[in-house]
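Trainee: sharing a model that was predicted from the sequence below.
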Amino acid sequence: MPQLEVRPQPSSFWSYASPLLALLITVLIGVALFVALGKDPVKGLQVFFWEPIKSPYAIGELLVKATPLLIIALGLAVCFRSNVWNIGAEGQFVMGAIAAGGIALLAEKTTGPWIVPAILLAGIAGGMAWAGLTALLRDRFNANEILVSLMLVYVADMVLNFLVFGPWKDPNGYNFPQTKTFEAVTQIPRLMQGSRVNIGIVLALLGVAGLWLFLFRTYAGFRHEVSGLAPAAARYAGFSSRRALWLALLTSGAAAGLAGALEVAGPIGQLTPYVPAGYGFAAIIVAFVGRLHPVGVVFSAILMSMFYIGGELAQSRLGLPKSITGVFQGLLLFSLLACDTLIAYRLRLAKPITMPVATPPSSEVLKGAE
């Protein structure tokens with residue numbers, strides 16, 4: 001019977017192979033799910049893994065979905081590497097979208113192109129301010145950043161609803177809860193005609209390169225990780241754990257806010273109650289599937305965006321519910337958590353224990369006993 005045995009040291013092989021095994025398990029469970037629902041599993045896998053990449057336009061849409069996931073996950077990687085658990089990136093995404101939308105609403109037809117950098121900076125500031133609340137409460141009152149950041153997500157949603165149902169509601173919008181459509185000058189510049197891919201993907205890739213340099217090629221990056229993971233050792237070495245906390249949360253908030261700005265001034269083009277798309281929560285899975293490594297996050301963001309697009313296609317083509325996207329995301333996360341066990345443990349086949357068979361005493365022994 002197989003048993004788990006503690007490894008002498010963590011396995012570097014399984015640290016990279018575990019996400020691949022988790023993806024394989026997710027696919028196998030997905031096939032079983034399609035069969036249980038009476039759907040063709042081949043068509044089911046096709047809409048998730050082939051349709052999003054079968055044409056240049058499809059690849060462009062894939063990159064549009066991957067951009068906010070990648071940007072947010074990069075910020076979360078900074079947090080999680082320093083043992084700061086920011087679970088509220090969704091709220092920071094929403095506040096960044098609100099701040100960016102507020103600047104976009106000020107634009108007129110005669111406004112110059114300077115408005116685009118202003119929109120992006122406003123989004124960054126909005127996300128940083130929202131994450132700064134979590135950092136302040138953790139720093140001054142030792143509040144749990146998991147609960148604080150998560151609860152602030154719902155506050156951000158309420159702020160958004162208040163604005164789109166109230167003062168920012170479009171008077172010519174037929175009573176729909178949305179702002180007016182932003183002016184064309186506020187549109188995030190696109191990279192090519194006929195595609196919705198904009199400069200956000202360029203900013204995301206620059207973020208990948210910048211984070212890689214910071215984490216693995218600078219003393220500040222090393223100090224940041226040590227300050228979060230080993231506060232006692234950091235204090236002994238003269239590093240500040242408070243600085244690591246603020247840096248992690250503000251960086252993560254800035255990334256989420258930037259993603260929110262790119263989303264509302266890009267594909268959406270206005271503020272609506274549907275701005276919260278779950279990117280902030282999905283990016284947590286993206287960060288861990290990517291092993292908190294900037295390059296790994298790129299591939300996991302593409303995979304997660306395939307789940308988003310595949311889920312939308314599964315609704316229209318296979319008649320599956322909208323929740324199928326969340327099902328695949330959850331399967332991937334729990335499969336990864338299970339497979340990560342192999343990093344610290346290994347399977348061993350335990351030898352069956354054979355019990356000695358008792359032999360009856362001989363007749364001579366019995367006579368001697370008498």
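Mentor: Noted; the coordinates are in hand.

Trainee: going forward, measure contacts between C-alpha atoms and count neighbours the same way
Mentor: Noted.

Trainee: look at residue 345 and say how many residues are nearby.
Mentor: 17 (other C-alpha atoms under 10 Å).

Trainee: in this structure it contacts residue 5, no?
Mentor: Yes. Counting by C-alpha atoms under 8 Å, residue 5 is a contact partner of residue 345 at 5.3 Å.

Trainee: and the helices in the stretch 1-150 of the chain, which stretches?
Mentor: 12-36, 41-49, 56-81, 89-105, 115-141, 145-165 (DSSP state H, counting those that start in this stretch).

Trainee: oh sorry, the question was meant for the stretch 151-300 of the chain
Mentor: 200-217, 219-229, 231-237, 241-263, 279-289, 294-318.

Trainee: out of the helices of the stretch 1-150 of the chain, flag the one nearest residue 275.
Mentor: Proximity to residue 275 (C-alpha to C-alpha) singles out helix 89-105 among the helices of the stretch 1-150 of the chain, at 7.0 Å.

Trainee: and the residue nearest the centre of this structure?
Mentor: Nearest to the geometric centre of the chain sits residue 283, at 0.9 Å (C-alpha atoms, centre = their mean).

Trainee: out of the helices and strands in the protein, which is least certain?
Mentor: Lowest on mean pLDDT, DSSP states H and E among the helices and strands of the chain sits helix 363-369, with a mean of 57.

Trainee: how far away is residue 163 from residue 103?
Mentor: 14 Å (C-alpha to C-alpha, to the nearest Å).

Trainee: any common contacting residues for the two?
Mentor: Counting by C-alpha atoms under 8 Å, 6 or more residues apart in numbering, residue 163 and residue 103 have no common neighbour.

Trainee: thinking again about what came up before, single out the most deeply packed of the helices of the stretch 151-300 of the chain.
Mentor: Using mean count of other C-alpha atoms under 10 Å, the stretch among those with the largest mean neighbour count is helix 241-263, at a mean of 28.

Trainee: just to check, residue 178 is in contact with residue 164?
Mentor: Yes. Using C-alpha under 8 Å, residue 178 is in contact with residue 164, at 5.0 Å.

Trainee: so what sits against both of those two?
Mentor: Joint contacts of residue 178 and residue 164 (C-alpha under 8 Å, 6+ apart) are 170, 271-273.

Trainee: any chance of those residues in CSV, with distance to residue 83 too?
Mentor: Shown next, in CSV, are those (distance: C-alpha to C-alpha, whole Å):
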residue, distance to residue 83
170, 43
271, 33
272, 34
273, 32
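
Trainee: which of the residues you listed sits closest to residue 159?
Mentor: residue 273 (10.1 Å).

Trainee: show me the contacts for the closest one.
Mentor: Counting by C-alpha under 8 Å, 6+ apart, residue 273 has contacts 157, 160-161, 164, 177-178.

Trainee: circling back: from the shared contacts of residue 178 and residue 164, pick the one nearest residue 97.
Mentor: For the shared contacts of residue 178 and residue 164, the nearest to residue 97 is residue 271 (7.7 Å; C-alpha to C-alpha).

Trainee: what distance do you get for the residue nearest to the centre of the chain to residue 195?
Mentor: 24 Å.

Trainee: low-confidence bits of this protein, can you list those?
Mentor: 1, 228-229, 232, 350-370 (pLDDT under 70).

Trainee: show me the contacts for the residue nearest to residue 272 when sequence neighbours are not counted.
Mentor: Nearest non-adjacent residue to residue 272, counting by C-alpha to C-alpha, 6 or more residues apart in numbering: residue 178, 4.6 Å away. Shown in contact with residue 178 (C-alpha under 8 Å, 6+ apart): 164-165, 168-170, 270-273.

Trainee: can you do 6 Å?
Mentor: Listed by C-alpha atoms under 6 Å, 6 or more residues apart in numbering, the contact set of residue 178 reads 164, 169, 271-272.

Trainee: out of the shared contacts of residue 178 and residue 164, who's the most crowded?
Mentor: Neighbour max across the shared contacts of residue 178 and residue 164 (other C-alpha under 10 Å) = residue 271, 29 neighbours.

Trainee: which one of the contacts of residue 273 is nearest to residue 241?
Mentor: Closest to residue 241, out of all of those and judged by C-alpha to C-alpha, is residue 157, at 30.8 Å.

Trainee: pull the number of nearby residues for that closest one.
Mentor: Neighbours of residue 157 using other C-alpha under 10 Å come to 18.

Trainee: how close does it sit to residue 169?
Mentor: Distance, residue 157 to residue 169, using C-alpha to C-alpha: 15 Å.

Trainee: what of residue 135?
Mentor: 32 Å.

Trainee: so which of those two has more stuff around it?
Mentor: residue 135 (27 against 20).

Trainee: which of the helices of the stretch 1-150 of the chain is buried the deepest?
Mentor: Of all these, helix 89-105 carries the top mean neighbour count, a mean of 29, counting by mean count of other C-alpha under 10 Å.

Trainee: helices and strands around it, which ones?
Mentor: Secondary-structure packing of helix 89-105 (3 or more C-alpha pairs under 6 Å, 6 or more residues apart in numbering; DSSP states H and E): helix 115-141, helix 241-263.

Trainee: helix 56-81 and that helix, what's the angle between them?
Mentor: In terms of direction (axes from the mean of the first three to the mean of the last three C-alpha atoms, to 10 degrees), helix 89-105 departs from helix 56-81 by 120 degrees.

Trainee: run the angle between helix 89-105 and helix 241-263 for me.
Mentor: 50 degrees.

Trainee: excluding sequence neighbours, find me the nearest residue to residue 48.
Mentor: residue 310 (4.0 Å).

Trainee: you'd agree the one you found is up against residue 45?
Mentor: No. Counting by C-alpha atoms under 6 Å, residue 45 is not a contact partner of residue 310; they are 8.6 Å apart.

Trainee: does residue 6 really touch residue 343, like I thought?
Mentor: No. The pair residue 6 / residue 343 is not scored as a contact, 9.4 Å apart, by C-alpha under 6 Å.
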